[in-house]
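J.: Sharing a model that was predicted from the sequence below.
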Amino acid sequence: MKHGPTNTRALREKKRILTLSLTQKRFLVGTLLGDGCLILSRSGKAARLQIRQNVRYKEFVDWNYHFFKDWVLTQPRYDRYNDSLVFRTLSHVQLGKIRNMFYVGTKKIVPSNIFDLLTHPLSLAIWFMDDGNGDKRICRLRLSTYAFGIKGNEKLRRCLLKNFSLETKIIKDSKGSYLYFLEDSAKQLYAMIKPYIIPCMEYKFVKVASITP
């Protein structure tokens, strides 16, 4: 379903009045550490946000869409080629500036100023719902941070400790390195982000939720 302006003049005016709210900036930090991506414009100055998830997580896609619905001309659509739901925002220079922090070329990185960016539980919640998972048998949580390498993981580990008092370990396996939360930190993380967890993502916290007050 389409909505909003479609002619060039109306689009320019819409983009002119758009500005990122504090909540949207917090959302962007979380989703860019996770599955969200910023697609660079032809000019190289602007970017558009793309959110894509498997269709079984429609509730999560709709929740993501809620944060940026004023920036989107079409509601989430079904992509039959990979059984997913996807939406994209308008291209905007403010998103381009954020992309410059999170990308080198087409590769995602951990920004040098991550300590100033990753400061709110909402960012953590979105990041974990994207890339986190738990264990049904033991109270442990992990974040699949393979894409950031050992140096990126170390930066994220220090940021989580400094800004949220969350202790993590960097674990190496055949795919690379990822962040691991032992029981105390797993319970602390869950309690911190619980207000933002979408019902369809609760399965990631089954064991932790069962023993967290």
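T.: Ah, there it is.
J.: Show me which residues of stretch 123-141 are buried.
T.: 123-132, 134, 139-141 (16 or more other CB atoms under 10 Å). Yep, even glycine has a C-beta here, placed from its N, CA and C like the rest.
J.: so where do the strands sit in this protein?
T.: 37-40, 47-54, 77-79, 84-88, 103-104, 107-108, 132-134, 141-143, 169-173, 176-181 (DSSP state E).
J.: Adjacent strands (with direction) for the first one?
T.: By that I understand strand 37-40. Strand 37-40 pairs in its sheet with strand 47-54 (antiparallel), by DSSP bridges.
J.: I would like the residues contacting the partner strand, please.
T.: Strand 47-54 is touched from outside by 28, 31, 35-41, 60-61, 64-65, 68, 71, 76, 79, 83-92, 95-96, 98-99, with contacts defined as CB atoms under 8 Å, 6 or more residues apart in numbering.
J.: can you state the direction angle for that strand and strand 84-88?
T.: With axes from the mean of the first three to the mean of the last three CA atoms, to 10 degrees applied, the angle from strand 47-54 to strand 84-88 works out at 170 degrees.
J.: And strand 47-54, what's buried?
T.: Neighbour count says strand 47-54 has 47-49, 51-53 buried, by 16+ other CB under 10 Å.
J.: Go through stretch 102-110 and flag the buried ones.
T.: 102-103, 108-110.
J.: one step back: for the buried residues of stretch 123-141, work out which two are farthest apart.
T.: 123 and 139 (22.9 Å; CB to CB).
J.: In CSV, list the strands of the chain along with mean pLDDT and distance to residue 150.
T.: Below are these laid out as CSV (pLDDT from 0 to 100; distance: least, CB to CB, whole Å):
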stretch, mean pLDDT, distance to residue 150
strand 37-40, 96, 23
strand 47-54, 96, 27
strand 77-79, 95, 34
strand 84-88, 97, 30
strand 103-104, 96, 16
strand 107-108, 96, 15
strand 132-134, 91, 19
strand 141-143, 94, 14
strand 169-173, 95, 7
strand 176-181, 96, 5
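J.: Nearest to residue 202, out of those?
T.: Nearest to residue 202, of all the strands of the chain, is strand 132-134, at 10.1 Å by CB to CB.
J.: My read is that residue 208 contacts residue 190, right?
T.: Yes. Taking contacts as CB atoms under 8 Å, residue 208 lies within contact range of residue 190: 4.7 Å.
J.: Quickly list what's touching both of the two.
T.: Taking CB under 8 Å, 6+ apart as the criterion, residue 208 and residue 190 both touch residue 141.
J.: Centroid-nearest residue for the protein?
T.: Central residue check for the chain by CA atoms, centre = their mean: the C-alpha nearest the mean position is that of residue 31, 1.3 Å away.
J.: what sits against that one?
T.: 49, 51, 64, 126-127, 130.
J.: Could you measure from the nearest residue to residue 53 once chain neighbours are set aside over to residue 101?
T.: The spatially closest residue to residue 53, leaving aside those adjacent along the chain, is residue 61, at 5.0 Å (CB to CB, 6 or more residues apart in numbering). Counting by CB to CB, to the nearest Å, the separation of residue 61 from residue 101 is 25 Å.
J.: Okay then, goodbye and thanks.
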